[in-house]
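K.L.:
model this:
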Amino acid sequence: MPLQESFEAEAILAPEPDLVLVHGYQTGSTIDRVLERGVPVVVMPVVASWKDCLAGIETLARLVDEAERGAELVAGLEERRRALQAESARSGLRVLPYGNYGAGGSTAGAGTTWQVMIELAGMRNAATEAGLVGHPAIDFEQILAIQPDFFLIGEND
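P.N.:
You can find the predicted model right below:
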């Protein structure tokens, strides 16, 4: 199924899927429409840690009756994670995820996918080290106090 531009029942149901995967942020009314059509929906948990990511892969593999392939994929990803986290020039770098879409800045601390991504790259999340959790607002004074080595900016298409 092609990537959907929005989470709307018509677009999801058009290709006649056998299964729809969503996460907890998705709207209930759209999920209700999909369920009314008899299409099973699986709500995947938000990935807040590497362990969550691996558990999600294992869950999906079981859902499609490919548990062995899922275990192989997890083993391969663990091997890649160890290689990425090997001591290197980037190991001590402190990264601050940052976004500002006109209503003030925000960051991503502990318990976020950004945290997982930074750890996988073998670096440290400066927001997490500052005690920030989730996706809180952050102002310039806080940024100056945190003193990150560099910023990680997501592209918003």
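
K.L.:
which residue sits closest to the residue nearest the centre of the chain, ignoring its sequence neighbours?
P.N.:
Within the chain, one residue has its C-alpha closest to the average C-alpha position: by CA atoms, centre = their mean, that is Thr113, at 3.7 Å. Nearest-residue entry for Thr113: Val47, 5.1 Å, with adjacent residues in sequence omitted and distances by CB to CB, 6 or more residues apart in numbering. The way it works is simple: take the backbone N, C-alpha and C, and place the C-beta from them, glycine included.

K.L.:
separation between the one you found and Ser29?
P.N.:
Using CB to CB, to the nearest Å, we find Val47 at a distance of 24 Å from Ser29.

K.L.:
quick one, which of the two is more surrounded?
P.N.:
Shown here are Val47 and Ser29; by other CB atoms under 10 Å, Val47 has more neighbours (19 against 10).

K.L.:
quick one: that one from Gly56, how far?
P.N.:
6 Å.

K.L.:
next up, the contacts around Val47.
P.N.:
Cys53, Gly56, Thr113, Val116 (CB atoms under 8 Å, 6 or more residues apart in numbering).

K.L.:
can you check Gly28 too?
P.N.:
With CB under 8 Å, 6+ apart, Gly28 has no contacts at all.

K.L.:
10 Å instead, please
P.N.:
Applying CB atoms under 10 Å, 6 or more residues apart in numbering to Gly28 gives the contacts Val22, Leu35.

K.L.:
the longest strand along the chain pairs with which strands?
P.N.:
With residue count as the measure and DSSP state E as the assignment, the chain has strand 94-100 as its longest strand. Here strand 94-100 is paired, per DSSP bridges, with strand 105-106 (antiparallel), strand 124-125 (parallel), strand 150-153 (parallel).

K.L.:
in that strand, what's buried?
P.N.:
Of the residues in strand 94-100, those buried under the neighbour-count criterion (16 or more other CB atoms under 10 Å) are Arg94, Val95, Leu96, Pro97, Tyr98, Gly99.

K.L.:
hmm, who's touching the longest helix along the chain?
P.N.:
Looking across the chain with DSSP state H, the single longest helix is helix 67-84. For helix 67-84, the external contacting residues (CB under 10 Å, 6+ apart) are 50, 53-64, 66, 90, 119-123.

K.L.:
again, but for stretch 49-66
P.N.:
Under the criterion CB under 10 Å, 6+ apart, residues 18-19, 21, 23, 40, 42, 44-47, 67-75, 77-78, 81, 110-113, 115-117, 119-120 lie in contact with stretch 49-66.
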